[in-house]
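Colleague: Sequence first, then the predicted structure:
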Amino acid sequence: MSRIGRMPVPVPGGVTVDIDGTSVSVKGPRGELSRKFPEGLSFAIEDGNVIARRSGEDARQKALHGLSRALLANMVEGVTKGYQKTLEITGVGYKAEPRPYGLLFSLGYSHTIEFKAPKGIKLTAPQPTQVLVEGADKEIVGQVAAEIRSLRKPEPYKGKGIKYAGEKIRRKAGKAGGK
């Protein structure tokens, strides 16, 4: 049996979990998330914990057991604490400006780039060279952060571009000198 799949998911106070067949919805102080899980997996609430169970022993069921439990745990954590990714902008004149719809980026191109925040995501720029992506859904927060990073990936010579906070950029030496 899956080590991760058999662990119960604790449900903190203020969070409600509704199970309807293979779909589960979680409500908490940071919002509401719902997900439809594959057939053959079931969830039950016992003693303030959610338990993930599988109906069979075939390889697909075993593979999805731990995944489903981890996704449910991420949903519970997302509606209680939320998720956050920090991006850093490096380069002369590269910056992000907050707008009502999202962010406006100046990234060394001949034009500025408007990035609209999807539903449930909060984009902020505490400094012109720093971007915070916050939300309840871990998957969407990571996807939005990856899309922002792809606007100008860090280049290996000077390190200019958008990178995750703490990400190490592998640098290249560049051209050798004249003589």
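Modeller: Received it, and whenever you're ready, just let me know what you need. Here the structure is a predicted model, which is why all the values come from computation and not from measurement. Residues are numbered from 1 along each chain as shown.

Colleague: CA atoms for contacts and neighbours, from now on please.
Modeller: OK.

Colleague: Now do the strands in this structure.
Modeller: Using DSSP state E, the strands of the chain run over residues 9-10, 16-20, 23-28, 31-36, 41-46, 49-54, 83-90, 95-99, 102-106, 113-116, 121-127, 130-135, 161-164.

Colleague: so which of those strands comes closest to residue 171?
Modeller: strand 161-164 (13.0 Å; Cα to Cα).

Colleague: name the helices or strands packed onto the closest one?
Modeller: Packing contacts for strand 161-164, counted by 3 or more Cα pairs under 8 Å, 6 or more residues apart in numbering; DSSP states H and E, involve strand 83-90, helix 138-150.

Colleague: Tell me which of the strands of the chain sits most buried.
Modeller: strand 161-164 (a mean of 23; mean count of other Cα atoms under 10 Å).

Colleague: Contacts for stretch 34-50, please.
Modeller: 8-12, 19, 21-26, 51-56, 61, 64-65, 68 (Cα atoms under 8 Å, 6 or more residues apart in numbering).

Colleague: for stretch 113-131, same thing?
Modeller: Here stretch 113-131 makes contact (Cα under 8 Å, 6+ apart) with 86-90, 94-98, 101-107, 132-137, 140-141, 148.

Colleague: got the end-to-end distance for that stretch?
Modeller: For stretch 113-131, the first-to-last residue distance is 14 Å (Cα to Cα, to the nearest Å).

Colleague: if you count residues, which helix in the protein comes out on top?
Modeller: helix 59-80 (DSSP state H).
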